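> coords please:
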Amino acid sequence: MERPLGQAWAFLSHVPLRAEASDRSECVNEVVAGETVAELSLGSGNWVEVELPDGYRGWMDRRQLRPVTSRWVGRAVRLSELSSAWENVAGGWLPAGACVRQSGSTWFLGEDEVRPLGNMPATHEGGMADWALKMKGVPYHWGGRTGWGLDCSGLVSLAAAVGGLHVPRDAAQQFQVGLEVALESIQRDDIAFFQNEKGRITHVGICDGERGVIHASGEVRVDLLDGEVLRRHEDGEISHRLAGFRRWSGLNS
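Numbers count the residues shown, from 1 in each chain. Just a heads-up that it's a prediction; the model follows:
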């Protein structure tokens, strides 16, 4: 008997959220281990349409979800290390971005008791730029938002999340959040947005406070902000054109 629709949680490290109910469909986002979703409707085969807590919707394989059956306990911790080893976790490893919970000396992934095999997980201390710099070299992955692959807005939203700040998933939505900042007033952890020739927000990164922008383009990298453009550090070529800046400090977490 097929279980009814309801709240469910992801038990695998990171699974694709697709635009349509097909493995051939575009991966538009990821559901990360320990995150919950609301199941909205069933598709053919094993497909289910879901909604993440931030309102993002898409389709995923229902076999990658387990139903929420009990009240979750403990303090939520979003992992900030690139990778960490765990006992009783599928595959044995979790990426940065995965959500675990701590209750006393006991750790949970969703409703499963798990155990860290290395250092005890800790809440990230520091700013968004501090964390994003630790991700340098992580490959660009469209729809990615874990330490194993990131797109530009995935990097920025995850940098905010590991510090306890919740912002929208996509760059155009992120541009609507926070305080507008002038070019001459930007600081470390301000968010830089870039636009295409039609004025559409298409890219985003994090200011490092030293005229650099940490962003995911090919890989997580730091390039130079030169007035209204972003230049690649290796050859000085223009890669993106500026749309503006936002400051998220002081936003409710």
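
> where exactly do the helices run in the stretch 101-250 of the chain?
For the stretch 101-250 of the chain, the helices defined by DSSP state H, counting those that start in this stretch occupy 128-134, 152-162, 171-174.

> Pull out the buried residues from the shortest one.
So that's helix 171-174. Within helix 171-174, the residues scored as buried using 16 or more other C-beta atoms under 10 Å are A171, Q173, Q174. Any C-beta I mention is one placed from the backbone N, CA and C, and that applies to glycine too.

> residue ranges with poor pLDDT in the stretch 151-253 of the chain?
Low-confidence segments of the stretch 151-253 of the chain (pLDDT under 70): 252-253.

> repeat for the stretch 1-150 of the chain
1.

> just to revisit the earlier point, I'd like the buried residues of helix 171-174 written out as a markdown table, with distance to S185 added.
A markdown table is the format used below for the buried residues of helix 171-174 (distance: C-beta to C-beta, whole Å):
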| residue | distance to S185 |
| --- | --- |
| A171 | 21 |
| Q173 | 23 |
| Q174 | 19 |
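
> List just the nearest of these to V48.
Closest approach to V48 among the buried residues of helix 171-174 (C-beta to C-beta): Q173, at 23.8 Å.

> tally of neighbours for T123?
14 (other C-beta atoms under 10 Å).

> what are the phi and psi values for it?
Here is the backbone geometry of T123 (degrees, to the nearest 10): phi -60, psi 140.

> Can you name the residues that contact it?
Going by C-beta atoms under 8 Å, 6 or more residues apart in numbering, T123 touches V77, S80, V162, G164.

> One more: G143?
By C-beta under 8 Å, 6+ apart, the contact set of G143 is P16, L17, E26, C27, V28, N29, E30, D151, G154.

> quick one: the residue lying closest to the third one once chain neighbours are set aside and G58, what's the gap?
Okay, so that is E26. Residue nearest to E26 in three dimensions, not counting chain neighbours: A19, with 4.6 Å by C-beta to C-beta, 6 or more residues apart in numbering. Going from A19 to G58 by C-beta to C-beta, to the nearest Å gives 6 Å.

> overlap in contacts of these two?
Contact criterion C-beta under 8 Å, 6+ apart; residues shared by A19 and G58: V28.

> So between these two, which is more surrounded?
More neighbours surround G58 than the other of A19 and G58, with 23 against 14 (other C-beta under 10 Å).

> According to the record, where do the domains of the chain fall?
Here the domain parsing of the chain from automatic domain parsing is 1-122, 128-247.

> Need the winner for burial among those domains.
Across those, averaging neighbours per residue (mean count of other C-beta atoms under 10 Å) puts domain 128-247 on top, at a mean of 19.

> Any idea how far apart the tips of that domain sit?
11 Å (C-alpha to C-alpha, to the nearest Å).

> How about stretch 199-215?
End-to-end span of stretch 199-215 (C-alpha to C-alpha): 19 Å.

> In the protein, where's the longest strand?
strand 238-247 (DSSP state E).

> Partner strands of that strand, with direction?
Using DSSP bridges, strand 238-247 pairs in its sheet with strand 179-181 (antiparallel), strand 191-195 (antiparallel), strand 229-231 (antiparallel).
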